[in-house]
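Asker: Quick one, structure for this:
(2 chains)
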Amino acid sequence: MTTVLGLTLPRLVRRDHASVSMMVIAPFAALALAAFCNLLLYAGLGINPLIVFKAMLIDPFTSYFSFSEILLKAGPLLLIAQGLAIGFRAKVFNIGAEGQFVLGAIFASAIPVYAPQASGLWIWPSMLVMGMFGGLLWAAITAFWRARLNANEILVSLMLSFVAIQILNYLLLGPWKDPMGFNFPQSVMFQYDALLPILLPGTRVNVSLVLALVLAGAAWLFTQRSFAGYRLEVGGLAPNAARYAGFSQNRAVWLSLLIGGCAAGLAGAAEVAGPVGQLQRSISTGYGYAAIIVAYLGGLHPIGIVFSAFLMATLYIGGDNAMVSAGLPIAAVYVFQGSLLLAYLILSTFVRNRLEWPDKAPAVSEVGRQ
Amino acid sequence: MNAIEFILSGMLAAATPFLLAALGELVAERSGVLNLGVEGTMAFGAALGFIVVYNGGGHVLGFVAASLGGVLLSLLFAFVTLGLRANQVATGLAIGILGLGLSAFYGKPYESFTVSGIGKIAVPGLSDIPVVGGLFAQDIVVWLALGTTVVLWYVLAHTKLGLLLRAVGENPKAANSIGYPVVLIRLGAVAFGGAMAGIAGAYASTIYTPLWADGMIAGRGWIAVALVVFGTWMVGRVFWGACLFGAVSLGGIAAQTAGLSVPSQLLTSLPYLVTIIVLGVISSNRTLLKINGVPSLGEPFEK
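Answerer: Predicted coordinates for the structure are as follows:
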């Protein structure tokens, strides 16, 4: 029995079966806990927490346009998180989705940058394919380092993200800078055929959202219903058992990283060919990191991730609102994201464990046993 | 001053943020806990330290505030991973994102403000030697960091406390069965790591480059985590690794001032690229990692 300052602490005891109801409750309870802590933080800065609450979680749903902006933001988060979750389930921690996203954006931009006059229906689909290839290539470096050189994939993929940002800077300040762009670090504006078709008239929501939802379905099939998905998970979770069964851990590493890189690269391509319409420094706004939170908050399950992606997108749009209406610094969104993941990790402990409170008179029985 | 003199005299100061954070992480990892929140903890410490120093609190108070901030974040980490036995990788990332967010949140009003650093203490005689003399004129924190390195090496290698820490990381079940409080020892190690990361951040923001800019830690916390692997969990090797990174980050500046026609982005990427390459070289020696590694690293301890 652990006691601290005379208080007897409850013990964490493993449940016989994972609690399904706790699994469903945990993300919502985490949201409530994180929201409560963050509103206290804002109150500490002298910002009215009620105004922030309304701006963040209610206002985004009060107009067609701001709701459409949530759909727009959810697309890349959904894509990246689905890819990452497949790896996370196999214990392959690709933390460098941000870099893979940037490389996807760069590769996709190569087409309109080098062929600004080209027209035709082939352009935007080719850009998406190029984006996937870029993300895949960048993730392949990490996969090689992990599978062949035994290096930690967390550190390598993260370092590569820092390098990716520098490649982006180099291109935008040098060879890809728009000659008519008043020296701003950005590429030319893309031509009409290099932009994704709009899905909902009057908004910026484009076909990439459909793509993201279709891929979410594919992820569900892959992880829940296919043998390849099962092999991948076992290869990562229990490398020794997997080896006996003829599944290899290296395969799990390669597959996880390539899927993750592909998805992140696609999201990067959809960003430059979608709402941004050119290659800019500001395309890297931390989607790759936010998607890690989305993946966990969705319980690493393809369906759960659909919901958590929309939740995270709401926080982005709501954060922008709160910046305007309550003068909240934009960093508040990152504080919220970090505390949300932390709150989720705290609460999801109780999916597999429960607290056992000590008896009223434990001392007697303890002594008795000795 | 030529490039070699420039690098030699500045190398130790540039290495200090890496060194302090890496030594803290080394202690945590030796006890079996992988805390990936170092980057965010450093950023939080950097912001707290800067705010205190800017508002006239002085460097000592700034460093105290930064270390307390680091301890606070690491206790949060410890509560979730040691108390509730949650996944250490995910929790570390959460702490990292939270720390980066808090540093930007509280640092925003101070963006691009500066404070004055502190003077250097030269070793009489030695600092007058040509070329290498610059090595012997450093600020007090660098000297203290060097002292901490020696003390930590001694504690880990030659004291009962060090033995206990290593035992908990090697085989927590055995350590527990002979009556050592595994969770409590890990808690202490994690808190020490948090304090060191906070101080490392404060050194970066108030002395090494005494200017506040959002994102100023720029991956140094992650490189510190990598340094622990490079150093194969040994204090001496982590020290040399930190020196290497100090030299590499100055090498970029030296090359630029020498007028080398290399894109500045390549020079900025240099520490990251070196990390990737060295990580590949060291890790591919699987026996080395196996012999020196911490068997229980990252795994929750259950009685």
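
Asker: Let me see the contact set for A:Gly46.
Answerer: By Cβ atoms under 8 Å, 6 or more residues apart in numbering or on different chains, A:Gly46 lies in contact with nothing. From N, CA and C alone the C-beta is placed, and that goes for glycine too.

Asker: how close does it sit to chain B?
Answerer: For A:Gly46, the distance to chain B equals 12 Å [Cβ to the nearest Cβ, to the nearest Å].

Asker: helix, strand or coil for that residue?
Answerer: Following DSSP: H, G, I helix; E, B strand; the rest coil, we place A:Gly46 in the coil state.

Asker: pLDDT score for it?
Answerer: As predicted, A:Gly46 sits at a pLDDT of 86.

Asker: I'd like the next helix or strand past the helix or strand harbouring B:Ser269.
Answerer: Using DSSP states H and E, B:Ser269 sits within helix B:264-283. Using DSSP H and E, the next helix or strand after helix B:264-283 towards the C-terminus is helix B:286-292.

Asker: returning to that earlier point: ok, and for the helix holding B:Ser269, which residues are buried?
Answerer: Across helix B:264-283, burial judged by 16 or more other Cβ atoms under 10 Å in any protein chain shown covers B:265, B:267-276, B:278-280, B:282-283.

Asker: For the chain, just list every one of the helices.
Answerer: Unless you meant another one, I'm taking chain A. Along chain A, the stretches classed as helices by DSSP state H are A:20-44, A:49-53, A:64-89, A:97-114, A:123-147, A:153-173, A:208-220, A:227-237, A:239-244, A:249-271, A:287-297, A:302-326, A:331-352, A:362-369.

Asker: ah, no, chain B please
Answerer: B:3-30, B:38-54, B:58-78, B:88-107, B:140-158, B:160-170, B:172-177, B:182-203, B:220-230, B:235-257, B:264-283, B:286-292.

Asker: avg pLDDT for the longest one?
Answerer: When pLDDT is averaged along helix B:3-30, the result is 94.

Asker: tell me the angle that helix makes with helix B:38-54.
Answerer: 120 degrees (axes from the mean of the first three to the mean of the last three Cα atoms, to 10 degrees).

Asker: quick check, helix B:3-30 touching chain A?
Answerer: No. Applying Cβ under 8 Å from any Cβ of the partner chain, one finds helix B:3-30 separated from chain A by no less than 11.9 Å.

Asker: how deep is residue 292 tucked in, by neighbour count?
Answerer: Went with chain A since none was named. 25 (other Cβ atoms under 10 Å in any protein chain shown).

Asker: Chain B is the one I meant
Answerer: By the criterion of other Cβ under 10 Å, B:Asn292 has 13 neighbours.

Asker: How about it, nearest residue that isn't a chain neighbour?
Answerer: Of all residues not flanking B:Asn292 in the chain, B:Thr232 sits nearest, at 3.9 Å (Cβ to Cβ, 6 or more residues apart in numbering or on different chains).

Asker: same deal with B:Arg166?
Answerer: Nearest non-adjacent residue to B:Arg166 (Cβ to Cβ, 6+ apart): B:Arg30, at 5.9 Å.
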